[in-house]
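> Provided below for reference: sequence and predicted model.
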Amino acid sequence: MLAARAEDLRELGRRAARALAGHTTAEGPSEPAIVVARELGPAEVVDLRLEEGLVLGIALAEGAATSHAAIMARALGVPMAAGLGAGVLAVSARDELIVDGTEGTAVLSPTSETRARFRRIAARDAEERARLAAGRGRPAVTAHGRAIRLLANASTPAEAAAASERGAEGLGLVRTELAFLDAAGWPTEEQHHDALVDTLALFAGRVVTVRTLDFGADKTPPFLLGRGGRGIALALEHEDALEAQLVGILRAGAGTRLRVMLPLVESPVQIVAVRRVLRRAAATARRPLPQLGAMIETPLGATRSHELAVVSDFFSIGTNDLVATTLGLDREEREASPLDAADPAVVELIRRTIGAAHAAGITVEVCGEAAGEAALTPLLVQLGVDELSVSPARLDVVRDAIRRSGELGDELSELRDSRGGVVA
């Protein structure tokens, strides 16, 4: 999409400008602050070092709740409002600003009444978080007794630690490309190992699902600028680099129940080709072969899910791209929402994918932002998902939603009314 591509180029331009000025990264705040910007790309969010806790909130003039920047902020519970309009850029360092991440709004120079209202909201939210946290020792089992494996999305040791503290049963999505968005060339085996080992070590003995590099779009490092391609199709054009990554993953994942996941799979030939490379990597690393799964993120991938299931060990449905490609949305635009996964066209593709997986005897997880929306939990449970992988900050609320889900409960009626969709 042209709008998304324009954002990709703007981020690369900003990074190039920093490099020319002698700065390799954007500067994070030195004291607690709210970050205000026109837009942020994934590399710039990494540079903000959200895990240090100095970024109290993010207010963006452009962007959407489904952007990669929003996903990364949500993972660490940093409130973010996007698509606020150019007016937010007039904020000065002396102004008081409230960011409401739940509603996606911001209030400049709030009155005393507004400040009091938000304090009451914050107090209620704190009480609700405490109630949900009390359920961390309880299994994620529906009201009808069906267990759903609750996993976490994590890319850093800080996110993995937060996920473990909140009772994640494992990691359902470890994004590997975020560590290399400023790389000058394809990462080496050792670089992959070093980027992963501390994150995976926190889940020794548990399931960890590492996704191979998903370069492209707004996650394009400088050395790939203008070369086109994305996901596993791009990786297979550089097989030596793919093998180096797989060896690094296998070494870093020693001691875990490792799974390897491929992004944007659309053909069984891609899985067969990667499995061949994976065998070589396992021999080099002297590690057993892990499960190899396919991410279903496009209508074509979902349409071919019966073929893909035959050669896969598991499926993961990436709802962010699946929604965007199915409905023709730009995930960087304000109109895009994780709740768009309830659209009948998207639901039918999810249903088809789950049916193909179960017919082949393999499991299905959902790891997109839709998995973290408690309003969608009853729908996903009804459709038959086996696993949900969510940001650490959403683990407690989704666990509670699973436990309250009756699989055919009234929650679906509410969602149908609010979104004008849902195929039941």
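Thanks, I have the structure now. Residues are numbered from 1 along each chain as shown.
> all strands of the stretch 1-150 of the chain, in order?
33-37, 55-60, 80-81, 97-100, 105-108, 149-153 (DSSP state E, counting those that start in this stretch).
> helices or strands up against the third one?
Strand 80-81 makes packing contacts with strand 55-60, helix 68-75, strand 97-100 when contacts are defined by 3 or more Cβ pairs under 8 Å, 6 or more residues apart in numbering; DSSP states H and E. Every residue, glycine included, has its C-beta placed from N, CA and C.
> Can you say which of these is nearest to Ala140?
Of all the helices and strands packed on strand 80-81, the one in closest proximity to Ala140, counting by Cβ to Cβ, is helix 68-75 (19.1 Å).
> How about exporting the closest one as PDB, limited to the C-alpha atoms?
Presented in PDB, the C-alpha positions along helix 68-75 are these (Å, rounded to 0.1, in the frame of the first residue of the first chain):
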ATOM      1  CA  HIS A  68       4.400  -2.200  14.900                       C
ATOM      2  CA  ALA A  69       5.200   0.800  17.100                       C
ATOM      3  CA  ALA A  70       1.900   0.400  18.900                       C
ATOM      4  CA  ILE A  71       2.500  -3.300  19.300                       C
ATOM      5  CA  MET A  72       5.900  -2.800  20.900                       C
ATOM      6  CA  ALA A  73       4.600  -0.100  23.300                       C
ATOM      7  CA  ARG A  74       1.700  -2.300  24.300                       C
ATOM      8  CA  ALA A  75       4.100  -5.200  25.000                       C
END
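> what angle do that helix and strand 55-60 make?
150 degrees (axes from the mean of the first three to the mean of the last three Cα atoms, to 10 degrees).
> returning to that earlier point: tell me which of the helices and strands packed on strand 80-81 is the most buried.
For these, average neighbour numbers computed from mean count of other Cβ atoms under 10 Å are highest in helix 68-75, which has a mean of 25.
> How about residues contacting it?
Contact with helix 68-75 is made by 39-42, 44-46, 50, 58, 60, 63-64, 79-80, 82, 101, 153-155, 159, 178, 218-219, 320, 369, 372, 391-394, as judged by Cβ atoms under 8 Å, 6 or more residues apart in numbering.
> can you put the helices and strands packed on strand 80-81 in a markdown table and add distance to Arg146?
What follows is the helices and strands packed on strand 80-81, written out as a markdown table (distance: least, Cβ to Cβ, whole Å):
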| stretch | distance to Arg146 |
| --- | --- |
| strand 55-60 | 37 |
| helix 68-75 | 27 |
| strand 97-100 | 35 |
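> Would you single out the least confident of these?
Mean pLDDT across these is lowest at helix 68-75; the value there is a mean of 76.
> roughly how far out does that one sit from the chain middle?
Its chain's average C-alpha position is 7 Å from that of helix 68-75, according to Cα atoms, centre = their mean, to the nearest Å.
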